[in-house]
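[1] got a sequence here, can you model it:
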Amino acid sequence: MHRITHTKALLTMLTAVLAAAMPTADAVAQDLPSRGRVVPQLSALDQLMQDTMADNGITAGVLAVGFDDRVAYVRSFGWDDRAQTTPLPVNARMRLASVSKPITATIVRRLIADGRLSLADKAFDVGQPGGGVLQLDPFPALGDPRIADITISNLLLHRAGWNRDIVGNHAFREIQIASEMGVPSPPGPANMMRWVLGQPLQFTPGTQYAYANLGYSTLGLIIEEVTGNSYEEEVERLFDDLGYPGLVEIGRTFAADQDPLEPWYNQEALGFGPNVFDPTGPFVRWPYGGWHQEGASSMGGLIAPAEPLLALADSVILFGSSSGVPLSGGISPSFFSAHSGSLPGTDTVVWQRGQSLRVAVLFNHRDQTFQNAWGVNVAAEIDRMFLAGEISEPPCAIDLDGDGRLTIFDFLAFQTRFDAGSLETDFDGDGELTIFDFLAFQNAFDVGC
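    Numbering: from 1, shown residues only. I've put the predicted structure just below:
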């Protein structure tokens, strides 16, 4: 598309006109409030989110959809707070749970590409010839000599030798680990891995697949060891490069410490449990002290808005033997990969199809029966719609006159729709039409499609 240079006089005139109008749009009546620019061609996605959330008691959710490398749809639904008085902002930052893992994998692959790490490197230095990356003293002693054979590849591919279906999920036994080690709870990732190194493996590294949080907790420690930076700094570096600086960070355990843009995490039916920071004190709601969110960073502790996840999905393979590997330009249209996440108060997924469809879903509630992954269900239905031709990439959002070019007539079309109260012109995504939407439209126009 080609843009024209508009004069300051024209901008001043239009700004004055819009400021004088200042209407508030009347949204379509819905059970849950929604925020974000309305995309008429993708209205079926609004209904899909409304139905999914209403049917399952989900009070906060964000859906982002991209086609090719363009973000086409970002909308939030529901409430920011437990009292359900404040609508969820479209740029809400929500816990990712295991959607943190493809981010960790991508950082590791970048270190490999830079020659600072290799897939064959041994993860742990437990006195074997050649050593390993991490020097952690097993507690109380090395629990299995095969630990010396665990490689970076084993950790990435969930083939390191740990099987939580057999021995339980070590990664969330923080109170027990701290008690046995005689350290304050939570023990932190390094102490947790020292304790794990004192336990037997369930299979020989590299011989089986068993999904393991421990592998990605270890990779977070390895990232810090190799780079000399914190894991969070390396996450920030990655998303700087993807064009979303400062938006992805480590979440916090307690509500009082949350990012201002985080919603209430709703898992009321689960009740209360021990506080990982004060095991003998008053019980807490599970999403707020049932585990150490900061300590889970590289395996499931990050928070983010939905939109940066589309950039990740447009950049790397999300899951499987090539998790974190850059997407090639020649992948098949049928190529598919996704990664989901689940914790009390969190249900997430990031999804990719070929070179075209990208989906990110973030919910503040999960199915406590573990029979459904609601985010996956939403993404799968969008994928079905896409493959069936029921939805497709909508026109460029700022080409409002639909002529395939960006000209002054798009500003006039914006003014007409703005005056009519169309949420297509809600370019700042706050659910209201104000002068700030004109400024956001102007910025988008300057960037182009």
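[2] wait, residue 340 touches residue 101, no?
    No. If you go by CB atoms under 8 Å, residue 340 and residue 101 don't touch, sitting 9.9 Å apart. C-beta here means a position set from N, CA and C on the backbone, and glycine is covered the same way.
[3] more neighbours: which of those two?
    residue 101 (28 against 21; other CB atoms under 10 Å).
[4] wait, a helix at the more buried one?
    Yes. Under DSSP: H, G, I helix; E, B strand; the rest coil, residue 101 falls within a helix.
[5] what pLDDT is listed against the closest residue to it other than its chain neighbours?
    Excluding the flanking residues, the one nearest residue 101 by CB to CB, 6 or more residues apart in numbering is residue 216, at 5.1 Å. The model reports residue 216 with a pLDDT of 98.
[6] surely residue 216 is in contact with residue 297?
    No. Contact between residue 216 and residue 297 fails when scored by CB under 8 Å: they sit 9.5 Å apart.
[7] what about residue 85, neighbour count?
    By other CB under 10 Å, 8 other residues sit near residue 85.
[8] part of a strand, is it?
    No. Counting by three-state DSSP, residue 85 is not found in a strand; it is coil.
[9] distance of it from residue 259?
    Using CB to CB, to the nearest Å, residue 85 is found at 19 Å from residue 259.
[10] next one: residue 155
    Distance, residue 155 to residue 259, using CB to CB: 29 Å.
[11] got it, and residue 421?
    From residue 421 to residue 259 the distance is 32 Å (CB to CB).
[12] which of the helices and strands in this structure ranks last by mean pLDDT?
    helix 8-21 (a mean of 39; mean pLDDT, DSSP states H and E).
[13] overlap in contacts, residue 216 and residue 297.
    Residues touching both residue 216 and residue 297 comprise residue 100, with contact defined as CB atoms under 8 Å, 6 or more residues apart in numbering.
[14] helices or strands up against the helix or strand where the residue nearest to residue 101 lies?
    In the assignment (DSSP states H and E), residue 216 maps to helix 213-227. Secondary-structure packing of helix 213-227 (3 or more CB pairs under 8 Å, 6 or more residues apart in numbering; DSSP states H and E): helix 100-113, helix 152-156, helix 188-197, helix 231-241.
[15] tell me where the stretch 251-400 of the chain has helices.
    Using DSSP state H, counting those that start in this stretch, the helices of the stretch 251-400 of the chain run over 307-313, 374-387.
[16] which residues touch stretch 133-141?
    By CB under 8 Å, 6+ apart, stretch 133-141 touches 117, 121-126, 147, 152, 180-181, 190-191, 193-195, 197-198, 218, 221-222, 225-226.
[17] buried ones in it?
    Within stretch 133-141, the residues that qualify as buried by neighbour count (16 or more other CB atoms under 10 Å) are 133, 134, 136, 138, 139.
[18] following the chain onward from the helix or strand harbouring residue 166, which element is next?
    With secondary structure defined by DSSP H and E, residue 166 is part of helix 164-167. Per DSSP H and E, the first helix or strand lying C-terminal to helix 164-167 is helix 174-181.
[19] orientation of that next one relative to helix 188-197 in degrees?
    Relative orientation of helix 174-181 versus helix 188-197 (axes from the mean of the first three to the mean of the last three CA atoms, to 10 degrees): 70 degrees.
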